[in-house]
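# Have a look; sequence and predicted model below, questions after that.
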Amino acid sequence: MKIVEEPLTRLTEHGQVPIAFEVKSRFRTDPVDGGLGGIALVEEPVHPSYVKDYDRTSEEGPAGWLGRWRERWDTSAWGMLAAYDGSRRVGGAVLARRTDRVNMLEGRDDLTVLWDLRVHPDYRGTGFGRALFEATVEWARRHGCVELKIETQNNNVPACRFYARQGCRLGAIISNAYEEFPDEIQLIWRLPI
C-alpha cells in the first residue's frame, strides 16, 4: 500500500476509480422529545436496493471536473492524494482549502474539506480507506488546518459509519440540500485535528 500526493492535473485518473455503491439502507432522521432532545439517525432498509453513482449525476463526473472546478474556483490550494497497490491506482482523496466561494470552507483558512474520497470496490474494507483518511488528516495538518469537514448523505450508510469510526462527529443534518435529489439528507461530519 502506498499513498502519494499528486497534482490535480491527474484528476482524470482519480475519477477512473469507481465511487458507486449499493444503497441497501439509509438513515432516517427522527426528532427526540419533539426535537428538544436532538435528532436520532435511525437506519432503515431500502427496498429495492439501488446503485448510487456520484460520477453519473449532472453536477459531477470525472470527464468535466477539473475544468468546471477551475472555472468556478481557484484550486491552487487544493490537494490530491492517490492510493496504490503496487502500480494499480485503487483510491484517492481530493482536498479543498483556502478557496473563496466554497461555502463548505466557511471563509476559514484553517479548515480543509474532504471533497472526494474513493476506494475501488475490490479494495473496500481492506484498510485503504483508513490509510487515505489518515493521509488526508496529515495533509490538512501540514497545511496549517485545525479541522477537517466532510459531506455525506443519509443513503451512504457505509461512509457515515466509516467517518464515525475515524473519530468524526456529526455536525449538521440538512434536509432539502439537494434540489436534484429531494429524498437525500445532507450530513456534515467534522474532525478537529
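All right, it came through fine.
# pLDDT weak spots in this protein?
57-67 (pLDDT under 70).
# mind listing what H120 touches?
Listed by Cβ atoms under 8 Å, 6 or more residues apart in numbering, the contact set of H120 reads 17-18, 90-91. No exception for glycine: its C-beta is placed from N, CA and C like everyone else's.
# Likewise for Y178?
153, 184, 186.
# when you check the residues you listed against the strands, which ones overlap?
Counting by DSSP state E, the part of the contacts of Y178 found in strands is 153, 186.
# among the contacts of Y178, who's most crowded?
For the contacts of Y178, the largest neighbour count, defined by other Cβ atoms under 10 Å, is 21 neighbours, found at Q153.
# From G125, how far off is the closest residue to that residue other than its chain neighbours?
Excluding its sequence neighbours, the residue lying closest to Q153 (Cβ to Cβ, 6 or more residues apart in numbering) is E184, at 4.6 Å. Using Cβ to Cβ, to the nearest Å, E184 is found at 24 Å from G125.
# Check I185 too.
I185 is 25 Å from G125, by Cβ to Cβ.
# Kindly report the same for N155.
N155 is 19 Å from G125, by Cβ to Cβ.
# just A40 next, same as before
For A40 relative to G125 (Cβ to Cβ), the value is 27 Å.
# pretty sure D110 contacts G144?
Yes: assessed by Cβ atoms under 8 Å, D110 is found in contact with G144 at 6.3 Å.
# who has more neighbours, the two?
D110 (15 against 11).
# Excluding covalently adjacent residues, which one is nearest to that one?
V146 (4.8 Å).
# What's the local residue count around the one you found?
V146: 12 surrounding residues under other Cβ under 10 Å.
# Next, the buried residues of stretch 26-44.
26-27, 41 (16 or more other Cβ atoms under 10 Å).
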